[in-house]
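Peer 1: requesting a structural model of the entry that follows:
(one chain, ligands or ions: 2)
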Amino acid sequence: MIRFEKVAVRFPGGVTALHDLTLEIPQGQFVTLVGASGSGKTTALRLINRLQNATEGRVLIEGKDVQDRDPIALRRSIGYAIQGVGLIGHMTVAENIALVPQLSGASPEEQREIAKAGVERMRMAPDNFLDRYPHELSGGQRQRVGIARAMAADPDVILLDEPFGALDNVLREEIQDEFKELLGGAHKTIVLVTHDMHEAIYMGDRIIVMNEGRVVAEGTPEDVVRRPKNDFVKKLLGRRRKELQRFAKDSGG
Ligand SMILES: Nc1ncnc2c1ncn2[C@@H]1O[C@H](COP(=O)(O)OP(=O)(O)O)[C@@H](O)[C@H]1O
Ligand SMILES: [Mg+2]
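Peer 2: Ligands and ions are numbered 1, 2, ... in the order given. Sure thing, here's the model as predicted:
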């Protein structure tokens, strides 16, 4: 269980990114954080692996305040993928993917196997990609390597910040399916940040809708979409409301 207790984040210059945020992400659930740009999703995610500190309140993982954890050990225990950047430029794809296993003492053969399985999962041929450097990849390929890296050490908690954003539509759906299949029933706690309601509904067991640093709705995709609690959620559903309602029902959360 990841628990936010009355968390506020204020940035120098006066922006309050999160207001008094309390929420719970049960162990083993796939939760999507959805909201417009600037609603505080990234800030909320980064509190979990201590890339961001709370100004007020606290974040607990399995009952333990993240502030009491060693930040390096904490980050190694949590998979994290972000859109765009994040790969280490002077390391090959294989080295990037196996970074945490290597730090944890995996042998060179084990690292190679982990990297191989990682790229295969992302629909990339190992022979073609393992020894390339990030600058030799397209944006979508880099993004897939980032996702493979987040999963490489088989962490219990995986944080994903708009991880599918740079992929074209067909590939995005393929990777989303692969990801869902791979992690469905794996009892991992996954927090996926997205501005795309469609993705939030399709991927999440539970959706948390954010606006201006506050949670404005949460529940199963069906609950949130079929009985929109407020105008904000209605607006986020927009013109596609009927379509999304049908979709939430069919994809079964
Ligand atoms: N390092 C920072 N310094 C100042 N303001 C920031 C910083 N990071 C984010 N913000 C502001 O905090 C708010 C929430 O940002 P963010 O969490 O990135 O939102 P989202 O991921 O939902 O787009 C925005 O108004 C953003 O401009
Ligand atoms: Mg963001």
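Peer 1: switch to C-alpha atoms for all contacts and neighbour counts from now on
Peer 2: Will do.
Peer 1: in the protein, which spans are strands?
Peer 2: 2-10, 16-25, 30-34, 56-61, 64-65, 78-82, 157-161, 189-194, 206-211, 214-219 (DSSP state E).
Peer 1: take the ones you listed and lay them out in JSON lines including mean neighbour count.
Peer 2: Shown next, in JSON lines, are these (neighbours: other Cα atoms under 10 Å):
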{"stretch": "strand 2-10", "mean neighbour count": "20"}
{"stretch": "strand 16-25", "mean neighbour count": "18"}
{"stretch": "strand 30-34", "mean neighbour count": "27"}
{"stretch": "strand 56-61", "mean neighbour count": "19"}
{"stretch": "strand 64-65", "mean neighbour count": "14"}
{"stretch": "strand 78-82", "mean neighbour count": "23"}
{"stretch": "strand 157-161", "mean neighbour count": "23"}
{"stretch": "strand 189-194", "mean neighbour count": "24"}
{"stretch": "strand 206-211", "mean neighbour count": "24"}
{"stretch": "strand 214-219", "mean neighbour count": "19"}
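Peer 1: select from the ones you listed the stretch with the lowest mean pLDDT.
Peer 2: Note on these: lowest mean pLDDT is at strand 78-82, with a mean of 91.
Peer 1: listing partners with orientation, what would you give for that strand?
Peer 2: Looking at strand 78-82 with DSSP bridges, its partner strands are strand 157-161 (parallel).
Peer 1: pLDDT below threshold where in the chain?
Peer 2: 84-85, 252-253 (pLDDT under 70).
Peer 1: how does it divide into domains?
Peer 2: Domain ranges of the chain: 1-77+159-253, 86-155, per automatic domain parsing.
Peer 1: same list, these, but as JSON lines with distance to ligand 1 please.
Peer 2: Shown next, in JSON lines, are the domains of the chain (distance: least, Cα to the nearest ligand atom, whole Å):
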{"stretch": "domain 1-77+159-253", "distance to ligand 1": "3"}
{"stretch": "domain 86-155", "distance to ligand 1": "16"}
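Peer 1: which residues does Arg210 contact?
Peer 2: Not quite, residue 210 is Met, not Arg. Taking Cα atoms under 8 Å, 6 or more residues apart in numbering as the contact definition, Met210 lies against 33-36, 39-41, 216-217.
Peer 1: give me that answer again for 6 Å
Peer 2: 35, 39, 216 (Cα atoms under 6 Å, 6 or more residues apart in numbering).
Peer 1: kindly report the same for Tyr133.
Peer 2: If you count contacts by Cα under 6 Å, 6+ apart, then Tyr133 has 92-93 around it.
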